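Student: this one's sequence-less:
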Ligand code: BES
Ligand code: ZN
């Protein structure tokens, strides 16, 4: 076997971690985590070296087996994307390797928020974001989704703060130490930690919300249907295998909508719209409990296996919770966003293939909507070709067969061929898997999403643009998704006075729904509607979600007067962002730090 994952230095095909015991101390004064990681290893090929990934970790000592017999090690030179290889000399019979280390105060996985940057403004907060290859900046590990291990953790920090992790909390023996366990094997990118002023409110026996007390009730009511989602997901594709499904609502600098950390999904507070309109993100992260966390992409080139399946599953859950038209609306909106991403990348760009080629690049470069929305379209097209019943049976057996394993696109395609297509030449042609996976753009034969609810939006937008005094009751029942599509349907040639009138009628600039406000601000920038500048500044100062921040800076940088404005905001806002967001914007605004 040759090594498939080019984003790890580890020799994971020869020596493999089966379990990690973590002993961590989180120090808010020095902004470091110090501790020890004990790797339990399986030396498959009797190798004499065990190589791990690290990123700016200071290693103080390494010892073998229970008595931690000191052993020599070597750190290679640093690669800016991948970090440094840590080579540890082991023996044939080495069972455990204990690594004492300290993180850098700039570790890219970690965001240290001072109290002002939190909701309560009274306590600091730390959270981690390990996906795709940032786990190595806080834990020395085989940082590849191809390796899965169980783990335990003992964490200490400031007495006033609560500690949560992506595992199951254990009974406290010593009140000062928080203990966690993960008894399912997981890849490193699913290791996560948060320390802050967090309280818990249960929704059901296995679901609940962690948040700062200031937003806990609001979050609890927004996510009150979470147990219902889990039950529906189980009905579709099998038992939920992670015991708890809790949500952690982070401060607004959290760089993603959601992150599927096992047992504890991390979410952005921008989901708290007050009307449960953005809870499909929760359905999405829940779906990862099967696609991603159970069956995992073997490398970041296979990222679509995680995200494409998850978007498909997310929409199936939303169809159960809401209805078919709602799922269709989400699919249509996703398709519109996909078209934008494809035109940004170029229709013949290799990055529009489902199977990516990210060698010698940052895996983050491949994390576009291709994996999500082209992945979804491919799977939806298979559903349409074979019928739902057959497709659902296939997915259920797929999750069973590859549970707790990591697989490549090729393994998936072989399984699809053996279990579903079974040599049916008509079906091979209709499914057209090779083209979907290895060719650029969207196949000409693709059946594309349609939405009757969107048709109604478009019709109203047409009438409204022709006559802005038009009133219609149809907007009364619109969800935020319809409003977003409405804004996306507006022409880029509207006069400032028409835009002003529209803003006064619909209150877009004052919207409390982050998706509506975001779509509106992009529209405003493109149309030089400068009255919203203070709103843009306020939004970018307070929200760190990359999906919003990056396109807004991009639109500003591309607009006639916006570049300077963008830079002036960014100089102030940058310190509020997590590394994954600032790294993208740095590149965009060509900022050197
Ligand atoms: N796992 C991703 C977030 C991610 C992707 C982190 C790549 C790091 C690298 C998560 O499940 C996700 O896709 N979040 C989306 C949710 C949306 C598609 C419903 C987001 O954050 O917007
Ligand atoms: Zn996802």
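Tutor: Perfect, thanks for sending it. Quick caveat, the model's predicted, so the values are computed rather than measured. Residues are numbered from 1 along each chain as shown. Ligands and ions are numbered 1, 2, ... in the order given.
Student: Doesn't residue 534 belong to a helix?
Tutor: Yes. With DSSP: H, G, I helix; E, B strand; the rest coil as the criterion, residue 534 is located in a helix.
Student: From ligand 1, how far off is it?
Tutor: Noted for residue 534: a distance of 26 Å to ligand 1, by CB to the nearest ligand atom, to the nearest Å. C-beta coordinates here come from the backbone N, C-alpha and C atoms, glycine included.
Student: Could you count how many residues lie near that residue?
Tutor: Around residue 534 sit 10 other residues, with neighbours defined as other CB atoms under 10 Å.
Student: can you check residue 429 too?
Tutor: Here the neighbour count serves as a burial measure; for residue 429 (other CB under 10 Å) it reads 10.
Student: quick one: is the helix or strand where residue 584 lies near ligand 1?
Tutor: In this structure, residue 584 sits in helix 579-589 according to DSSP states H and E. No. Counting by CB under 6 Å from any ligand atom, ligand 1 has no neighbours in helix 579-589; the shortest distance is 6.8 Å.
Student: Please list the residues outside that helix that contact it.
Tutor: Residues from elsewhere that reach helix 579-589, judged by CB atoms under 8 Å, 6 or more residues apart in numbering: 108-109, 111, 129, 134, 253, 255-256, 364, 544-546, 549-550, 553-554, 557, 566-567, 570, 574, 577, 591-593.
Student: Could you look up the SS state of residue 94?
Tutor: coil.
Student: any idea of the pLDDT on it?
Tutor: Residue 94 carries a pLDDT score of 98 in this model.
Student: still on that earlier bit, and the contacts of helix 579-589, which are buried?
Tutor: 108-109, 111, 129, 134, 253, 255-256, 364, 544-546, 549-550, 553-554, 557, 566, 570, 577 (16 or more other CB atoms under 10 Å).
Student: Ligand 1 next: which of the residues you listed are close?
Tutor: residue 256.
Student: Strands - which of the buried ones among the contacts of helix 579-589 land there?
Tutor: When strands are assigned by DSSP state E, the members of these inside them are residue 111.
Student: So, low pLDDT: which residues of this structure?
Tutor: Applying pLDDT under 70 to the chain picks out residues 591-593.
Student: which bits of it sit near ligand 1?
Tutor: Contact residues, the chain versus ligand 1 (CB under 6 Å from any ligand atom): 131-132, 256-260, 281, 284-285, 288, 307, 367, 372, 547.
Student: In strands, which of the residues you listed appear?
Tutor: With DSSP E as the criterion, strands contain 258, 259 from among these.
Student: so which of the residues of the chain next to ligand 1 are also by ligand 2?
Tutor: residue 307 (CB under 5 Å from the ion).
Student: OK, contacts around the closest residue to residue 156 other than its chain neighbours?
Tutor: Sequence neighbours aside, residue 25 is the residue nearest to residue 156 in space, at 5.0 Å (criterion: CB to CB, 6 or more residues apart in numbering). When contacts are counted by CB under 8 Å, 6+ apart, residue 25 touches 33, 34, 35, 155, 156, 157.
Student: Let me have those residues in a markdown table, extended by secondary structure.
Tutor: Supplementary listing: the contacts of residue 25 in a markdown table, determined by three-state DSSP:
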| residue | secondary structure |
| --- | --- |
| 33 | strand |
| 34 | strand |
| 35 | strand |
| 155 | strand |
| 156 | strand |
| 157 | coil |
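Student: Verify the stated contact: residue 262 with residue 180.
Tutor: No. Proximity of residue 262 to residue 180 does not meet the contact threshold set by CB atoms under 8 Å, at 10.7 Å.
Student: Mutual contacts of those two, please.
Tutor: residue 167.
Student: Show me which of those two is the more surrounded one.
Tutor: Neighbours around residue 262 and residue 180, counted as other CB under 10 Å, are more numerous at residue 262. The numbers are 25 against 21.
Student: For the more buried one, which non-adjacent residue is closest in space?
Tutor: Taking CB to CB, 6+ apart as the measure, residue 262 lies nearest to residue 166, with 4.8 Å between them; neighbours along the chain are not counted.
Student: Find the nearest non-adjacent residue to the spatially most central residue of the chain, please.
Tutor: Averaging the C-alpha coordinates of the chain gives a centre point, and the residue nearest to it by CA atoms, centre = their mean is residue 259 (4.3 Å). Setting aside the residues directly before and after it, residue 259 is nearest to residue 266 in space (CB to CB, 6+ apart), at 4.3 Å.
Student: Compute the distance between the one you found and residue 281, please.
Tutor: Between residue 266 and residue 281 the computed distance is 11 Å (CB to CB, to the nearest Å).
Student: what touches both of these two?
Tutor: Taking CB under 8 Å, 6+ apart as the criterion, residue 266 and residue 281 both touch residue 258.
Student: Can you check my assumption that residue 240 lies in a strand?
Tutor: No. Looking at residue 240 with three-state DSSP, it is coil, so not inside a strand.
Student: Output the longest helix belonging to the protein.
Tutor: Scanning the chain for the helix with the most residues, using DSSP state H, yields helix 324-345.
Student: Correct me if wrong: residue 360 contacts residue 6.
Tutor: Yes. Counting by CB under 8 Å, residue 360 touches residue 6, with 7.4 Å between them.
Student: These two - which one has more neighbours?
Tutor: residue 6 (17 against 10).
Student: which residues touch the residue of the stretch 101-250 of the chain found nearest ligand 1?
Tutor: Among residues of the stretch 101-250 of the chain, the one nearest ligand 1 by CB to the nearest ligand atom turns out to be residue 131. It sits 3.7 Å away. Residues touching residue 131, when contacts are defined by CB under 8 Å, 6+ apart, comprise 189, 190, 259.
Student: at 7 Å instead, please
Tutor: 189, 259 (CB atoms under 7 Å, 6 or more residues apart in numbering).
Student: phi, psi of residue 149?
Tutor: phi -140, psi 160 (degrees, to the nearest 10).
Student: Distance check, the spatially closest residue to it that is not a sequence neighbour against ligand 2.
Tutor: If you skip the residues right next to it in sequence, residue 149 has residue 17 as its closest partner in space, 4.8 Å away by CB to CB, 6+ apart. Per CB to the ion, to the nearest Å, residue 17 is found 25 Å from ligand 2.
Student: Let me know the secondary structure of residue 248.
Tutor: Look at residue 248: counting by three-state DSSP, its state is strand.
Student: sorry, back to before: ok, the residue nearest to residue 262 touching residue 261?
Tutor: Yes. Taking contact to mean CB atoms under 7 Å, the distance of 3.7 Å between residue 166 and residue 261 places them in contact.
Student: list residues touching both of these two?
Tutor: Overlap of the contact sets of residue 166 and residue 261 (by CB under 7 Å, 6+ apart) consists of 190, 192.
Student: Where does the nearest residue to residue 503 once chain neighbours are set aside sit: helix, strand or coil?
Tutor: Spatially, and ignoring its direct neighbours in sequence, residue 503 is nearest to residue 509 (5.4 Å; CB to CB, 6+ apart). In terms of secondary structure, residue 509 is helix; the call rests on three-state DSSP.
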